[in-house]
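In: pasting the sequence and the predicted coordinates here, then a few questions.
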Amino acid sequence: MGKYPDRHSVSIPALWAVQTLYGWCTPEGIRQAAAVMRVTPAYLESVASFYDLLHTEPVGSHKVAVCTNISCWMRGGDRLLEAFRAAGENEDVFVTGFECLGACDIAPMASIDERYFGPLDPDEAQTAVDQLLAGEDVLPEKALEKRPLAGDRDA
Amino acid sequence: MPETRVLLEHAEDPKLRTLEGYRSYGGYATLERAYREMEAEEILKQLEDSGLRGRGGAGFSMGKKASFLPRGEMAKYLCCNADESEPGAFKDRELMQRNPHQLVEGIAIAAIAADAGHAFIFIRGEYDAQADILDAAVAEAYEAGYLGEDICGSRRDLELVVHRGAGAYICGEETALLDALEGKRGNPRLKPPFPAVQGLYGGPTLINNVETLSNVPRIVAHGAEWFRGYGTEQSPGTKVVSISGGVRRPGNYEVELGTPTRELICDLAGGPLPGREIKAFYPGGSSAPVLTAEEGLDLPYSFEAMAEAGSMLGSGSIIVADDTVSIPLMALRTARFYHHESCGKCTPCREGTNWTVKMLERVVRGEATPMDLDIISSVQDNIMGHCLCVLGDSMAMPVSAMVKKFRAEFEATIASAAEASRIEAVQGAPETLGAAT
């Protein structure tokens, strides 16, 4: 809280911390954060419910967000989402369609445990989920971080 | 056609991410000079003279915006808008990921001009990898004395905090960003007062986009004239353009503003996929009115040319729709996004996005009549300019442009979808009869 001129600013970081600790924004976690921030739990709940990345219900420990916005949709984002749902939507893996994730260059893409991968083929969804559950590196060759600038790639 | 890499210069070198690597290319020399030798007025003048226009969407002069902040002793703030959430835009991601120190240096220099003692980078929560990179860069900059107290012996202080959002497009709107940063739900505020007068915590606040601030070190280093050497009279400088959709090589390309759009799409991005043709494109992210290929491809890619053509450069993101894309489905996809992201504060946006989605769904199901297309257009007219922020307009502009420019396709979609459902009804009938007997 010391980083901000006003302690209220810490509400999103506090909710992130709750989510990291409990897996989602649990009522107990929200009560604890609210006590530290000296705000009401209802205030933090109202903030949590506004944002897409803060979960107010239990979700799986692994998160897969598949972009279904314009550019990904043109490149088959809906099929990719279906493939991920079929591959492994269970209590460990939380699969959701998502609005633009800001990676239209690797469409269709998915954010898997907060890291970006693409362009993905629906066939790769099963591999990705298996690797995720086995604790392995997910589709290393499709990681955004390893991708060179568009102008430096081979045509 | 080659790119003109200024902001993305040396971006292929992974070392650039570290302070050492950035300094080996001359980084932070401008910050040192600015803190040791320059006054706020001098920096402001350079920024104003350079004609640098905001790269976040509105294209407002950055120097002017900074000059609106009142003088005098009071807490002032600088916010870097890194909440890049516009469908089609992914340039800030690239800039932060490959060259985080350029942004940190830009923020620190702009903070002198704005006389801000506290700065924030509001980065969208989805950009977790980029936020980690920024965290590391900021920590290095503190360590080196480029942030914190008494920077380079200038007696100026600057605190810089990387603040992660949590997934809401609306937080890219500057006043919603301020609310989110203050720990509230990200709802836009009524303007005026503008953030330059009354922004974060009620203090004067300068808000600029990542790409805008990344331009600052070089403008201050080489001067306004150098910057004006790139681009056009009204759109000086280079621009990192995100190109995606139906092209062979989607990605970020840095070019001088005013480059022919056709060269961007067909040359750099490799043109349409094999056997396809370009039908239309959004020239500036999903909120820009779409241009047909005939209208748009031969225009120079600049703020003024896009405005003249009835669209906008916006954040500089081109989404190409090829001839396999159904425009009514694309309109629906666009409308659904804004419907999902509407914060619900203003009625025209909340209800308008909702009804537009419902009506477009009727179009693609074949339940609409051509008259409904006029109603869709009139709903868009009633959203535009009637809300606190431009989220509603951002849906209304592209949707009304699509209905207007591709009306025949909308009508054909209604007719063919209606026909398909009639056939289904007829073919379904024998089965029903069979089951009854």
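Out: Thanks, I have it.
In: just the element for B:E20, please.
Out: For B:E20, the host element (DSSP states H and E) is helix B:19-24.
In: which strands and helices sit next to that helix?
Out: Helix B:19-24 sits against helix B:100-114, helix B:128-143, with contacts defined as 3 or more C-beta pairs under 8 Å, 6 or more residues apart in numbering or on different chains; DSSP states H and E. The way it works is simple: take the backbone N, C-alpha and C, and place the C-beta from them, glycine included.
In: what are the contacting residues of the longest one?
Out: Helix B:128-143 is contacted by residues A:114-116, A:144-145, B:17-19, B:82, B:93, B:96-97, B:100-101, B:103-104, B:108, B:121, B:123, B:147-148, B:160, B:162, B:164 when judged by C-beta atoms under 8 Å, 6 or more residues apart in numbering or on different chains.
In: can you name the residue of the stretch 151-300 of chain B nearest to chain A?
Out: Using C-beta to the nearest C-beta, the single residue of the stretch 151-300 of chain B nearest to chain A is B:G251, 2.1 Å away.
In: just list whatever residues bridge to that residue.
Out: B:I243 (DSSP bridges).
In: and stretch A:31-39, what's buried?
Out: By neighbour count on 16 or more other C-beta atoms under 10 Å in any protein chain shown, the buried set for stretch A:31-39 is A:Q32, A:A33, A:A34, A:M37, A:V39.
In: so how far is that stretch from its chain's centroid?
Out: 25 Å (C-alpha atoms, centre = their mean, to the nearest Å).
In: repeat for stretch B:413-431
Out: For stretch B:413-431, the distance to the chain centre is 42 Å (C-alpha atoms, centre = their mean).
In: dump that stretch to PDB, restricted to CA.
Out: The C-alpha trace of stretch B:413-431 is given here as PDB (Å, rounded to 0.1, in the frame of the first residue of the first chain):
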ATOM      1  CA  THR B 413     -27.800 -12.400 -45.700                       C
ATOM      2  CA  ILE B 414     -31.300 -11.900 -44.400                       C
ATOM      3  CA  ALA B 415     -32.800 -13.400 -47.500                       C
ATOM      4  CA  SER B 416     -30.600 -16.500 -47.600                       C
ATOM      5  CA  ALA B 417     -30.800 -17.100 -43.900                       C
ATOM      6  CA  ALA B 418     -34.600 -16.800 -44.100                       C
ATOM      7  CA  GLU B 419     -34.600 -19.200 -47.100                       C
ATOM      8  CA  ALA B 420     -32.500 -21.700 -45.200                       C
ATOM      9  CA  SER B 421     -34.800 -21.700 -42.200                       C
ATOM     10  CA  ARG B 422     -37.800 -22.200 -44.500                       C
ATOM     11  CA  ILE B 423     -36.100 -25.200 -46.000                       C
ATOM     12  CA  GLU B 424     -35.300 -26.500 -42.600                       C
ATOM     13  CA  ALA B 425     -38.900 -26.100 -41.600                       C
ATOM     14  CA  VAL B 426     -40.200 -27.900 -44.700                       C
ATOM     15  CA  GLN B 427     -37.600 -30.700 -44.400                       C
ATOM     16  CA  GLY B 428     -38.300 -31.000 -40.800                       C
ATOM     17  CA  ALA B 429     -42.000 -31.600 -41.500                       C
ATOM     18  CA  PRO B 430     -42.000 -35.100 -42.900                       C
ATOM     19  CA  GLU B 431     -40.100 -36.300 -39.900                       C
END
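In: list the buried residues of that stretch.
Out: Those would be B:T413, B:I414, B:A417, for stretch B:413-431 by 16+ other C-beta under 10 Å.
In: so which of those is the closest to chain A?
Out: Closest to chain A, out of all of the buried residues of stretch B:413-431 and judged by C-beta to the nearest C-beta, is B:T413, at 16.4 Å.
In: ok, the closest one - contacts?
Out: B:S326, B:P328, B:V363, B:V364, B:G366.
In: show me just the buried residues among the residues you listed.
Out: By neighbour count, with 16+ other C-beta under 10 Å, the contacts of B:T413 hold B:S326, B:P328, B:V363, B:V364, B:G366 as buried.
In: of these, list those near chain A.
Out: Among the buried ones among the contacts of B:T413, not one lies near chain A by C-beta under 8 Å from any C-beta of the partner chain.
In: in strands only, show me the residues you listed.
Out: Judged by DSSP state E, the subset of the buried ones among the contacts of B:T413 located in strands is empty.
In: and those residues, which is closest to chain A?
Out: B:S326 (10.3 Å).
In: the residue lying closest to B:E367 once chain neighbours are set aside in helix, strand or coil?
Out: Sequence neighbours aside, B:A418 is the residue nearest to B:E367 in space, at 7.4 Å (criterion: C-beta to C-beta, 6 or more residues apart in numbering or on different chains). With DSSP: H, G, I helix; E, B strand; the rest coil as the basis, B:A418 sits in helix.
In: quick check: closest non-adjacent residue to the closest residue to chain B within chain A.
Out: Residue of chain A nearest chain B, by C-beta to the nearest C-beta: A:A150 (2.1 Å). Using C-beta to C-beta, 6+ apart and skipping residues adjacent in sequence, the residue nearest A:A150 is B:G251, 2.1 Å away.
In: next, the contact list for the one you found, please.
Out: By C-beta under 8 Å, 6+ apart, B:G251 lies in contact with A:D105, A:L149, A:A150, A:G151, A:R153, B:S242, B:I243, B:S244, B:A269.
In: how many residues are close by the fifth one?
Out: A:R153 sits with 10 neighbouring residues when counted by other C-beta atoms under 10 Å in any protein chain shown.
In: ok, the closest residue in space to A:N90 that isn't next to it in sequence - contacts?
Out: Nearest non-adjacent residue to A:N90, counting by C-beta to C-beta, 6+ apart: A:G60, 6.9 Å away. Going by C-beta under 8 Å, 6+ apart, A:G60 touches A:N90, A:E91, A:D92, A:V93, A:F94.
In: which segments of chain B make up each domain?
Out: Domain ranges of chain B: B:14-228, B:238-322, B:327-416, per automatic domain parsing.
In: show me how far the first one is from its chain's centre.
Out: The chain centroid and the centroid of domain B:14-228 are separated by 15 Å, computed with C-alpha atoms, centre = their mean.
In: A:A14 should be in a strand, yeah?
Out: No: looking at A:A14 with three-state DSSP, it is helix, so not inside a strand.
In: give the contact list for the residue nearest to it when sequence neighbours are not counted.
Out: Among residues not flanking A:A14 along the chain, A:A33 sits closest, at 4.2 Å (C-beta to C-beta, 6+ apart). Residues near A:A33 by C-beta under 8 Å, 6+ apart: A:A14, A:L15, A:A17, A:V18, A:L44.
In: how about 7 Å then?
Out: Going by C-beta atoms under 7 Å, 6 or more residues apart in numbering or on different chains, A:A33 touches A:A14, A:L15, A:V18, A:L44.
In: re the thing from before, for the contacts of B:G251, which one is nearest A:E82?
Out: Among those, B:S244 lies closest to A:E82 (C-beta to C-beta), at 21.5 Å.
In: that closest one reaches B:G88, doesn't it?
Out: Yes: using C-beta atoms under 7 Å, B:S244 is in contact with B:G88, at 6.0 Å.
In: now the common contact residues for these two.
Out: Counting by C-beta under 7 Å, 6+ apart, the residues touching both B:S244 and B:G88 are A:S71, A:C104, B:I319.
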